[in-house]
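In: Starting from these lines, generate the structure:
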Amino acid sequence: MDRRRRASIALTLNFLSLLFSVTAFCSSYWCQGVRKVPKPFCTGRAWEKTALCIRYNNSESNGSSSAVQYSWETGDDKFIERHFHAGIWYSCEENVSGDGEKCRSFITLTPPADRGVLWLSIVAEVLYITLLLTGVSLMSVEVCYYTSVIDGLKLNAFAAIFTVLSGLLGMVAHMMYTTVFQMTVNLGPEDWRPQNWDYGWSYCLAWGSFTCCMAASVTTINRYTKTILEFKQRRRNLERNLQNKQKTQDGSQPVWDIYINTLQGNREGFVDASVPAQNASNYGNLDHFPYSQCDEYC
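Out: Model prediction:
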């Protein structure tokens, strides 16, 4: 697989990671579940929905405070299950009437002792997205525009560093939010604690973003290492050819001087080691020194 294709794959993975992370960060479906809510008394037109409220045979008892104990001491048929979903910013729950949702800030639901961890998680998520955006920008510049091979390698190295750091921050941020949510379930307000819950699609999307980020970083580092090894191999081939040429010439300058002068004359080029031996006589003239650019990035 050539370097150009590897660069495109790394850029695609990093862009998917950025898209997934932004979607998960803005959504409120990290966790979802069900909580049991006592049925209210049937009043007005609410008696038409007897499955959503408590109805008494004696109409005078409706709304009486002394009858409240009735709904707590009877079986599960006096409770109704309401679905809820929560994210970093909001927690929404179905209304008792079944129409619409009621949303509250998740930060206010978090126990005061755990709000600091939640804010750290939010800051880490923001840094995660920022570093991902930086990595995507560097990879885009490397793929679509570059001035020289050396500049392309520099962009490649910085993109790999930013991508790895963003992946580590994303992992820490996701784990911190999971811990805060579990503490909120155990110590949060009584009118919010769920009966049962599980992770939602936003949570899976966040970890999918982390997976794509790590895959992009591995691809970028592998491409950088492969290019460096190719450079070293070409340099060894060049030195071997120059040493062989020096043995056949008398009074020529040392091999190392020829090599240094060649690199100074063309810092961004790389000598093609496959040049035929009959063309080696041109080595003394730097204007006709054979070289080939590294595989094109774009």
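
In: for the protein, which spans come out with low pLDDT?
Out: Scanning the chain for pLDDT under 70 picks out the ranges 1-3, 41, 43-52, 54-77, 97-98, 146-149, 246-298.

In: the strands in it, which residues?
Out: Listed in chain order, the strands of the chain (DSSP state E) span 31-38, 79-86, 90-94, 101-105, 196-199.

In: Columns mean neighbour count and distance to Leu18 on top of those, output as JSON lines?
Out: To be clear about C-beta, it is placed using only N, CA and C from the backbone, and glycine gets the same treatment. Below are the strands of the chain laid out as JSON lines (neighbours: other CB atoms under 10 Å; distance: least, CB to CB, whole Å):
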{"stretch": "strand 31-38", "mean neighbour count": "18", "distance to Leu18": "23"}
{"stretch": "strand 79-86", "mean neighbour count": "18", "distance to Leu18": "24"}
{"stretch": "strand 90-94", "mean neighbour count": "20", "distance to Leu18": "22"}
{"stretch": "strand 101-105", "mean neighbour count": "13", "distance to Leu18": "26"}
{"stretch": "strand 196-199", "mean neighbour count": "14", "distance to Leu18": "22"}
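
In: Between those, which one is closest to Leu133.
Out: strand 90-94 (24.0 Å; CB to CB).

In: The closest one - contacts with which helices or strands?
Out: strand 79-86, strand 101-105, helix 106-109 (3 or more CB pairs under 8 Å, 6 or more residues apart in numbering; DSSP states H and E).

In: With distance to Trp207 as extra columns, can I get those in a markdown table?
Out: Below are the helices and strands packed on strand 90-94 laid out as a markdown table (distance: least, CB to CB, whole Å):
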| stretch | distance to Trp207 |
| --- | --- |
| strand 79-86 | 17 |
| strand 101-105 | 24 |
| helix 106-109 | 19 |
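
In: between the ones you listed, which gets nearest to Asn186?
Out: Closest approach to Asn186 among the helices and strands packed on strand 90-94 is made by helix 106-109 (12.3 Å; CB to CB).

In: List the contacts of the residue lying closest to Arg104 once chain neighbours are set aside.
Out: Residue nearest to Arg104 in three dimensions, not counting chain neighbours: Ser91, with 5.5 Å by CB to CB, 6 or more residues apart in numbering. Ser91 makes contact with 28, 84-85, 103-106, 109, 192 under the criterion CB atoms under 8 Å, 6 or more residues apart in numbering.

In: and Ser91, how far is that from His85?
Out: Separation of Ser91 from His85 (CB to CB, to the nearest Å): 7 Å.

In: cool, and Pro189?
Out: With distances taken as CB to CB, Pro189 is found 17 Å from His85.

In: Name whatever forms a beta bridge with the closest residue in space to Glu93 that isn't next to it in sequence.
Out: Spatial nearest neighbour of Glu93, chain neighbours left out: Phe84 (4.0 Å); criterion: CB to CB, 6+ apart. On the basis of DSSP bridges, Phe84 is bridged to Gly33, Glu93.

In: Begin at 788 from now on, thanks
Out: Okay, residue one is now 788; in that scheme the one you just asked about reads as Phe871.

In: Am I right that Phe871 is in contact with Glu881?
Out: Yes. Phe871 is within contact range of Glu881, at 7.2 Å (criterion: CB atoms under 8 Å).

In: all helices for the stretch 888-1037 of the chain, in order.
Out: 893-896, 902-931, 936-974, 988-1035 (DSSP state H, counting those that start in this stretch).

In: Those: which one's closest to Ala794?
Out: So among the helices of the stretch 888-1037 of the chain, helix 902-931 is nearest, using CB to CB, at 4.9 Å.

In: Just name whatever secondary elements the closest one is in contact with.
Out: helix 790-813, helix 893-896, helix 936-974, helix 988-1035.

In: Any buried residues in the first one, and which?
Out: Of the residues in helix 790-813, those buried under the neighbour-count criterion (16 or more other CB atoms under 10 Å) are 790, 793-794, 796-798, 800-805, 807-809, 811-812.

In: helices or strands up against that helix?
Out: On a contact count with 3+ CB pairs under 8 Å, 6+ apart, helix 790-813 meets helix 902-931, helix 936-974, helix 988-1035.

In: With the third one instead?
Out: Helices and strands touching helix 936-974, by 3+ CB pairs under 8 Å, 6+ apart, are helix 790-813, helix 902-931, helix 988-1035.
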